[in-house]
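**Q** sharing a model prediction with you, sequence too.
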Amino acid sequence: MKRFSAVLLTAMTTLLLPITAHGAEAVTVALPSFSITLNDVAINYQNSQYPFLVYKDITYIPMTYEDAKLLGLVSEWNDENGLSINKSVYYDRDTSRNNYQGYPTTEVNNPTQTATIAQFPVTIAGKEIDNQTEEYPLLVFRDVTYFPLTWRFAVDEFGWKYQF
């Protein structure tokens, strides 16, 4: 019986490995080397479960509930349509800013990490995105989708004002 269980476990593991390893391109990301302030909230990425990241010199924002809410965004996920990111219908900047908790941790993040390019369908501001051809694709890090803070998305799609 033990031998059968070991063979079954080995067979299952062997069958699952190609599925998990296939498709998701790994990329190297880094913690920002500069301070980040969103809506007058200083972001702690050194000790955050979901730190802001930099990839190809572009800042990436985790699309967690807290971070999306702070930015006036709503992110929705389902198996059929993938990820959808839109402006919130109701957004109160002061309430969002005052209620922002982030995801603090006692762990200090390594300065470089590995993320993967998102392999699921993505819709931003009602427009389908071909993430595989994007210069700055959405990434996945610690099972959270990360959104690139590019002019195209931040200003053109969401109407934000930002400076670097």
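**A** Received it, and whenever you're ready, just let me know what you need.
**Q** next up, phi/psi of the residue positioned nearest the centre of the chain, please.
**A** In the chain, the C-alpha nearest the mean C-alpha coordinate belongs to Tyr146, at 1.8 Å (C-alpha atoms, centre = their mean). Note on Tyr146: its backbone torsions stand at phi -110, psi 130 [degrees, to the nearest 10].
**Q** let's number from 239 now, not from 1
**A** All right, first residue 239 from here; so that's Tyr384.
**Q** quick check, pLDDT for it.
**A** Tyr384 carries a pLDDT value of 95.
**Q** same question for the one 5 residues further on.
**A** Turning to Trp389, the model gives it a pLDDT of 89.
**Q** equivalent analysis for Thr252, please.
**A** In this model, Thr252 carries a pLDDT of 34.
**Q** what of Tyr329?
**A** 78.
**Q** could you measure it against Asn277, distance?
**A** 10 Å (C-beta to C-beta, to the nearest Å). No exception for glycine: its C-beta is placed from N, CA and C like everyone else's.
**Q** cool, and Phe290?
**A** 14 Å.
**Q** and the helices in this protein, which stretches?
**A** All helices of the chain, identified by DSSP state H, fall at 240-259, 303-308, 331-337, 389.
**Q** tell me how many other residues surround Glu314.
**A** Residues near Glu314, counting by other C-beta atoms under 10 Å, number 12.
**Q** pretty sure it contacts Gly320?
**A** No: the criterion here is C-beta atoms under 8 Å, and Glu314 misses it with Gly320 at 9.6 Å.
**Q** low-scoring stretches of this protein, by residue?
**A** 239-261, 400-402 (pLDDT under 70).
**Q** dig out what Tyr384 forms beta bridges with.
**A** For Tyr384, the beta-bridge assignment (DSSP bridges) gives partners Pro300, Leu377.
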